[in-house]
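Asks: Structure for this input, please:
(chains A and B)
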Amino acid sequence: MVAGAAMMASAGAPVMAQETIKVGILHSLSGTMAISETTLKDVMLMLIEEQNKKGGVLGKKLEAVVVDPASNWPLFAEKARELITQQKVAAVFGCWTSVSRKSVLPVFKELNNILFYPVQYEGEESERNVFYTGAAPNQQAIPAVDYLMSKDGGEVKRWVLAGTDYVYPRTTNKILEAYLKAKGVAAEDIMINYTPFGHSDWQTIVFDVKKFGSAGKKTAVVSTINGDANVPFYKELANQGVKATDIPVVAFSVGEEELAGVDTSNLVGHLAAWNYFQSVKNPSNAEFIAKWQAFTKNPKRVTNDPMEAHVVGFAMWIKAIEKAGATDPDKVIDAIVGVEAPNLTGGVSKMLPNHHITKPVMIGEIRADGQFDVVWQTKDLVPGDAWSDFLDGSKDLEADWVGKKCGNFNVKTGKCG
Amino acid sequence: MSRLKSFCALCLCLLALALHAPAAQADAASALARFAEDSFPETAKAIEELGASGDARAQIILESLAAARLFVDPASRAVYWRTASGVLHEAASGAPVATPPAGLQPVRINNRLRTAIQNELGALTLMAPDPARRRAAAESLFKARDPAALAPLENALKAEKDPAIARAFAQARAAILLASAGASNEQRIDSIALLRARADMGAIAALRSLHESASADAKGLAGDAVAAIEGRLRLMSHVQNVWYGLSLGSVLLLAAIGLAITFGVMGVINMAHGEMVMLGTYVTFLVQEAFRAHAPAWFDLSLPVALPLAFLATGLVGIAIERGVIRFLYGRPLETLLATWGVSLILQQAVRTAFGPTNREVGAPSYMSGAFDLFGLSVTWGRLWIIVFTLVVFGALLLALKRTSLGLHMRAVTQNRRMAASMGIRTPWVDAMTFGLGSGLAGIAGVALSQIDNVSPNLGQSYIIDSFMVVVFGGVGNLWGALVSAFALGVANKFLEPLAGAVLAKIFILVLLILFIQKRPRGLFALKGRAVEA
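Replies: Next up, the predicted model:
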């Protein structure tokens, strides 16, 4: 059956292949992660449709190939292989969780293709075949903590690091803990708490946070709680009366989409750190929101940070193809470093030799209507740092795919790997 | 009454205005000009100036600012406030405006400004006619510990008639005295005694912020007081854990009660049970949408209306599943398991297609939001209602099984299907009804769980394992077993959680459960039924 389909595809191929460039979209459309990833599939379809209206690229139309890895990590690798070997896509836009990215990495390396990964992540990685258009920890976590330590953020002295028990929160909290200690925060002023995926009973933990916050020092919660667990967490915060003016919660995984299921009137003032907010006032953002709502035929549909990452990543990819004059992955990988594309917040992001991009960092406060008010943002764009400067194992490592052709070059020993 | 209050407030304002008029006018005007700047430092200064101005409009302007109802017209730089009922006023004159100017921008604030507004409002509302507002003012001053508030607080304390609010004022004064450098030793020692009697987490925070210039004597007393309060709170935390455990137990029981019928009584391994709960939450969502669209004033009634609808809807889906799939698979547990798992995936994806993959918002009616204080124990209304609701559902189910003819037939079929059939009971009909009842119960569980969890297509998955755990631990086929086991698991979990963390607590509970099942394979209360015979 599959072979038959493949044969039919190859029989029709000579005509089709002349005309289109295939783009793989590898986002879960079913299972737990569908809640976040379906939107990214839609935004990619919109971007491709728009590019085709402009005449495609290199005189060819783009063709989206959508597969559903169903929130199943090994299936991500299988579907990636299918996209590259059978569908012969020129690049893939996909993945959300770090574990899905780790699962497809070997496939992209072996088959030498390109992955654009649009979600904020824990860093400590730089691969030749992957372009990280989401935030590295220095583009989200560290500035958020800096903001809370500042006068405007409330001069926080005591910290709760709460997260879901998996690789992204654990690594981020390790970096944050090292950073806070370097800033002179005592060990007893840091409380670290992990909860299972989909945790729904937050009574004890919220109470513990209140207790920890009653030590007479300003306390804040840094939340790397993921996905579904956030709604019951925020509901419990509101129920137990934890106000943002008493104990602010700054979240790294809560955006406009996640808040769509919550009554935010009791959460006003809690924070999120991102590189994009829907509420940013800017002509290009207004145009994007209008196009998105028209495309989804839903005038209330929200936009969020990973969507913007795909917008920027896709624009960079198109420019790199035009620069290289070909869609061949090797040529695109060489051409894309240094390519610039406007982001939706008024700046121009640039692809760096470590395959991360420059981004503005913004802190937003939750409003009663479920949107965010930007209360602070960096003056310039911040370059993404693959290897954290605050962890022992990684502070000597640098990623440079142009000069050194290496993702983890050790500056002390002068060796790659 | 309210007219009298506003009249008094007006008199007070006029009096204040008469005393301060010229200076106040100038201050308020400069504050309003600062609001138009749209910068946080300028807004901070404006809040301070307004608070100090004694201007009659200060309170309403600050309240509007806190509620994001203060606007600036970028063209004319005039400031406006909008009342809660939607009437726009020009701030400079205080006069209502009929046609709002185009392009009004809200004055933005951040948490720091929100705190500043609270403090200024605290000082302004110390004399407010409404006791709840005076109490709120005392609380915000207690938290802020701002020495500038001491003088107005003293005046308010002298004027206060209500003993409870006077105590709150005295505690706020004590907290300020402790943190300030100028207080005398006697004042500090009195304050420590007062806060020790308050005995809550706020008191600990205030005691810990004792100014460093305090005598060794006072420092020692403060340390003792903190230790005493902490000891009391530690004791309270056990009560707290029991309460949290009961609350978690009630959620477990609610999720499992339907399964106790379909799996416990009928012996069907129903993997689609969680999806029935999920369907119940979506029925709640639809009902609330209807209320929002057609009768927003009656929103509080949305949950009682959703209950019977959720029961009917999920019950019918349950009957359809039983008639369409399960009845062909009785006595083949493995096939039932796989088939119902397939059904659960179909239902999930169907809901995802119909409603989209993102969470849907289910609001809390007023009687289910907020918390109240019971002897230092913070009890949230939502949780309390869920416990009450669970027990009512449980009681009703027991009655239905014991006292109705359907209940009698169900028990008869469970105990001996062939004999029941030869007595003239239509066993296939009883099977369908029983499955429908179990599914309907899952549906009404969904109505309650929509209050504390996500309304998303994935909701069911997070409850299926816990539900099976409760039924297996309690003893298959025994409703009382499910009750005891749900509360036991809940309380055990909540006592382990502070010690071991949420992840390990869950693992411990599972390991203990496995060991227990090794020892007693039929659970706490074993019953004879079709499931155990098979």
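
Asks: Report the contact partners of residue B:74.
Replies: Going by CB atoms under 8 Å, 6 or more residues apart in numbering or on different chains, residue B:74 touches B:103, B:105. Where C-beta positions appear, they are placed from N, C-alpha and C, glycine not excepted.

Asks: Residue B:63 against residue B:121, yeah?
Replies: Yes: with contact defined as CB atoms under 8 Å, residue B:63 and residue B:121 form a contacting pair (6.7 Å).

Asks: Export only the CA atoms of stretch B:497-513, formatted as PDB.
Replies: Output of stretch B:497-513 as PDB, limited to C-alpha atoms (Å, rounded to 0.1, in the frame of the first residue of the first chain):
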ATOM      1  CA  GLU B 497       3.800  15.500  49.100                       C
ATOM      2  CA  PRO B 498       5.400  18.100  51.500                       C
ATOM      3  CA  LEU B 499       8.000  15.400  52.600                       C
ATOM      4  CA  ALA B 500       8.900  13.900  49.200                       C
ATOM      5  CA  GLY B 501       7.700  16.300  46.500                       C
ATOM      6  CA  ALA B 502       4.800  15.800  44.100                       C
ATOM      7  CA  VAL B 503       6.600  13.400  41.800                       C
ATOM      8  CA  LEU B 504       8.000  11.100  44.400                       C
ATOM      9  CA  ALA B 505       4.700  11.100  46.400                       C
ATOM     10  CA  LYS B 506       2.900   9.800  43.300                       C
ATOM     11  CA  ILE B 507       5.500   7.100  42.900                       C
ATOM     12  CA  PHE B 508       5.300   6.000  46.500                       C
ATOM     13  CA  ILE B 509       1.600   5.800  46.400                       C
ATOM     14  CA  LEU B 510       1.800   3.500  43.300                       C
ATOM     15  CA  VAL B 511       4.400   1.300  44.900                       C
ATOM     16  CA  LEU B 512       2.400   1.000  48.100                       C
ATOM     17  CA  LEU B 513      -0.700   0.200  46.000                       C
END
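
Asks: List the buried residues for that stretch?
Replies: If you call a residue buried by 16 or more other CB atoms under 10 Å in any protein chain shown, then stretch B:497-513 has these buried ones: B:497-498, B:501-503, B:505-506, B:508-509, B:513.

Asks: So residue B:63 and residue B:121 - more neighbours on which side?
Replies: Shown here are residue B:63 and residue B:121; by other CB atoms under 10 Å in any protein chain shown, residue B:121 has more neighbours (23 against 18).

Asks: quick one: the more buried one from chain A, how far?
Replies: 12 Å (CB to the nearest CB, to the nearest Å).

Asks: mind checking pLDDT for the nearest residue to residue B:160 once chain neighbours are set aside?
Replies: Distance criterion CB to CB, 6 or more residues apart in numbering or on different chains; nearest residue to residue B:160, sequence neighbours excluded, is residue B:166 at 4.3 Å. pLDDT recorded at residue B:166 is 90.

Asks: Residue B:154 is in contact with residue B:166, correct?
Replies: No: between residue B:166 and residue B:154 there is no contact under CB under 8 Å: 11.9 Å.

Asks: ok, those two, which is more surrounded?
Replies: Neighbours were counted for residue B:166 and for residue B:154 using other CB under 10 Å; residue B:166 has more, 17 against 12.

Asks: Tell me which stretches of the stretch 201-350 of chain A form helices.
Replies: With DSSP state H, counting those that start in this stretch as the criterion, the stretch 201-350 of chain A has helices at A:203-212, A:230-239, A:256-259, A:283-295, A:305-324, A:329-336.

Asks: I'd like the ones you listed written out as TSV, with distance to chain B added.
Replies: Output for those, formatted as TSV (distance: least, CB to the nearest CB, whole Å):
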stretch	distance to chain B
helix A:203-212	5
helix A:230-239	4
helix A:256-259	6
helix A:283-295	14
helix A:305-324	13
helix A:329-336	31
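
Asks: Contact partners for residue 44?
Replies: All of this refers to chain A. Residue A:44 makes contact with A:23, A:25, A:27, A:64, A:93, A:310, A:314 under the criterion CB under 8 Å, 6+ apart.

Asks: my bad, the chain I had in mind was chain B
Replies: B:112-113, B:116.

Asks: Show me where the chain dips below the pLDDT cut-off.
Replies: Since you didn't name a chain, this refers to chain A. Scanning chain A for pLDDT under 70 picks out the ranges A:1-18.

Asks: Please refer instead to chain B.
Replies: Ranges of chain B meeting pLDDT under 70: B:1-26, B:527-534.

Asks: In it, which residue sits closest to chain A?
Replies: Closest contact between chain B and chain A, by CB to the nearest CB, is at residue B:359 (2.5 Å).

Asks: number of nearby residues for that residue?
Replies: Around residue B:359 there are 26 residues (other CB under 10 Å).

Asks: Not counting its neighbours along the chain, what's nearest it?
Replies: Spatial nearest neighbour of residue B:359, excluding adjacent residues (CB to CB, 6+ apart): residue A:261 at 2.5 Å.

Asks: returning to that earlier point: could you dump the helices of the stretch 201-350 of chain A into CSV and include mean neighbour count and distance to residue B:424?
Replies: Listed next are these as CSV, based on neighbours: other CB atoms under 10 Å in any protein chain shown; distance: least, CB to CB, whole Å:
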stretch, mean neighbour count, distance to residue B:424
helix A:203-212, 21, 51
helix A:230-239, 24, 49
helix A:256-259, 24, 56
helix A:283-295, 15, 62
helix A:305-324, 23, 63
helix A:329-336, 18, 75
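
Asks: Next up, the contacts around residue 173.
Replies: All of this is about chain A. Contacts of residue A:173 by CB under 8 Å, 6+ apart are A:161, A:163, A:192, A:222, A:224.

Asks: right idea, wrong chain: chain B
Replies: By CB under 8 Å, 6+ apart, the residues touching residue B:173 are B:150, B:153-154, B:157, B:191.

Asks: May I have the phi/psi pair for residue 276?
Replies: I went with chain A, as the question did not name one. Here is the backbone geometry of residue A:276 (degrees, to the nearest 10): phi -160, psi 140.

Asks: out of the contacts of residue B:173, who has the most neighbours?
Replies: Busiest of the contacts of residue B:173 [other CB under 10 Å] is residue B:191, holding 26 neighbours.

Asks: what about the closest residue to it other than its chain neighbours, helix or strand, and which?
Replies: Leaving aside its sequence neighbours, residue B:191 sits nearest to residue B:174 (CB to CB, 6+ apart; 3.5 Å). Per DSSP states H and E: residue B:174 is located in helix B:163-179.

Asks: Just give me the neighbour total for residue A:300.
Replies: Neighbours of residue A:300 under the rule other CB under 10 Å: 7.
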